[in-house]
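Novice: Got a predicted structure here, sequence first:
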Amino acid sequence: MGSMFQSLLQMGALILWVALFVILSIACEAGFRIGRARAPKGKAAEETTSATATITGGMLALLAFMLGLTINFAQNRFEARRDMVAVEANAIGTAWLRAKLVGGPEGEAMAGLIHDYAKTRLEFTRAPGGGGVDALVAKTGEEQDQIWALATSVARKSPTPISASLIAALNDMIDSSLSQRFAFEGKVPGNMIGMLLAGSILAIGALGYQLGLTTIRQQALTSLLLLMWTGGMVMTVDLERPRVGDIRVETAPLEWTIKGFEAAPPAVPIAAPSPPATAP
């Protein structure tokens, strides 16, 4: 079910919207025709219509609760992804500053590696679905190994508070990449989306059945209801699919961090102090 929604969403949110609208319209029309064929006459008609309206109202209320729960789940996952972009950007920026603090050829080399690493993480956040994501994950691991090996060499050569703070910053940077990957992989369970679609078909079909008992279509209002309902479902699917659709995670924090690296002035070597003058 989830793969079907994703395939339609890749074609565009409008395509998914139209597909869901058509499915629910067919369910409503089928319910209407069944209701009209089974509509009783006389006093029994009023009693049947009243009872059906009560049951249909309960089904729609339960369906609205399911939609709200699913949207809330998808929104929470989206917020987690967005927040982790800022967390990772801050961690990368801190690691870069501490590499600069180390100074020397090794510190500058490490800062350059962290700069390239930030670009890789930006590509990961922007990447569409597919095999490109796996390649970026592998590239991230390779760059982390290079940075960590250089930092380990610095820490062993001069175990100072500065090198210790660098190791801590790099550890936070690496941890944040894993948290971001987990946030991107986390989605609304496919069973919830499938149950929402099945419940929508049943509830909208029941609504059509109720209208069929009264033999009044209410075409305009029914169409508006279906448009709103399919819009909510499309938004849910779009929110929980971070690499397809129109709702994407903002990458501004990573972009600002990279621009900060590029705008930073080059390190100025500190001249060694001149030896004191000797008396003649």
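Specialist: Yep, that arrived. Note that this is a predicted model, so its numbers are computed, not measured.
Novice: Where does the prediction get shaky in the stretch 101-250 of the chain?
Specialist: Along the stretch 101-250 of the chain, the model assigns pLDDT under 70 to residues 130-131, 190.
Novice: would you list every one of the helices in it?
Specialist: Under the criterion DSSP state H, counting those that start in this stretch, the stretch 101-250 of the chain contains helices at 104-126, 131-157, 161-185, 190-214, 219-240.
Novice: What helices and strands are in contact with the longest one?
Specialist: When you say that, I think you mean helix 131-157. On a contact count with 3 or more Cβ pairs under 8 Å, 6 or more residues apart in numbering; DSSP states H and E, helix 131-157 meets helix 43-102, helix 104-126, helix 161-185. (Each C-beta comes from the backbone N, C-alpha and C, glycine too.)
Novice: which one of those helices lies closest to Ile34?
Specialist: Taking Cβ to Cβ, helix 43-102 is the member of those nearest to Ile34, at 11.6 Å.
Novice: So what's the gap between that closest one and the chain middle?
Specialist: 11 Å (Cα atoms, centre = their mean, to the nearest Å).
Novice: same question, stretch 192-207
Specialist: Centroid separation for stretch 192-207 versus its chain: 25 Å, with Cα atoms, centre = their mean.
Novice: on that earlier part again, can I get the helices of the stretch 101-250 of the chain in a markdown table with distance to Thr56?
Specialist: Shown next, in a markdown table, are the helices of the stretch 101-250 of the chain (distance: least, Cβ to Cβ, whole Å):
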| stretch | distance to Thr56 |
| --- | --- |
| helix 104-126 | 44 |
| helix 131-157 | 44 |
| helix 161-185 | 39 |
| helix 190-214 | 5 |
| helix 219-240 | 12 |
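Novice: closest to Lys41 out of these?
Specialist: helix 190-214 (11.1 Å).
Novice: follow-up on the earlier one: compare the helices of the stretch 101-250 of the chain and give me the one nearest Trp256.
Specialist: Between Trp256 and those, the shortest separation by Cβ to Cβ is 10.5 Å, and it involves helix 104-126.
Novice: Identify each buried residue in that closest one, please.
Specialist: In terms of neighbour count (16 or more other Cβ atoms under 10 Å), helix 104-126 has its buried residues at 106-107, 109-111, 113-115, 117-118, 120-125.
Novice: C-alpha coordinates for it, PDB please?
Specialist: Coordinates of the C-alpha atoms in helix 104-126 are reproduced here as PDB (Å, rounded to 0.1, in the frame of the first residue of the first chain):
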ATOM      1  CA  GLY A 104      48.800  23.500  12.200                       C
ATOM      2  CA  PRO A 105      48.700  21.400   9.000                       C
ATOM      3  CA  GLU A 106      46.700  18.600  10.700                       C
ATOM      4  CA  GLY A 107      44.100  21.100  12.000                       C
ATOM      5  CA  GLU A 108      43.700  22.700   8.600                       C
ATOM      6  CA  ALA A 109      43.500  19.300   6.900                       C
ATOM      7  CA  MET A 110      40.800  18.200   9.300                       C
ATOM      8  CA  ALA A 111      38.800  21.500   8.800                       C
ATOM      9  CA  GLY A 112      38.900  20.800   5.000                       C
ATOM     10  CA  LEU A 113      37.700  17.300   5.500                       C
ATOM     11  CA  ILE A 114      34.800  18.600   7.700                       C
ATOM     12  CA  HIS A 115      33.900  21.100   5.000                       C
ATOM     13  CA  ASP A 116      33.600  18.400   2.400                       C
ATOM     14  CA  TYR A 117      31.700  16.300   4.900                       C
ATOM     15  CA  ALA A 118      29.200  19.100   5.400                       C
ATOM     16  CA  LYS A 119      28.600  19.100   1.600                       C
ATOM     17  CA  THR A 120      28.000  15.400   1.700                       C
ATOM     18  CA  ARG A 121      25.400  15.700   4.500                       C
ATOM     19  CA  LEU A 122      23.700  18.500   2.500                       C
ATOM     20  CA  GLU A 123      23.500  16.100  -0.500                       C
ATOM     21  CA  PHE A 124      22.100  13.400   1.700                       C
ATOM     22  CA  THR A 125      19.300  15.700   3.100                       C
ATOM     23  CA  ARG A 126      18.400  16.900  -0.400                       C
END
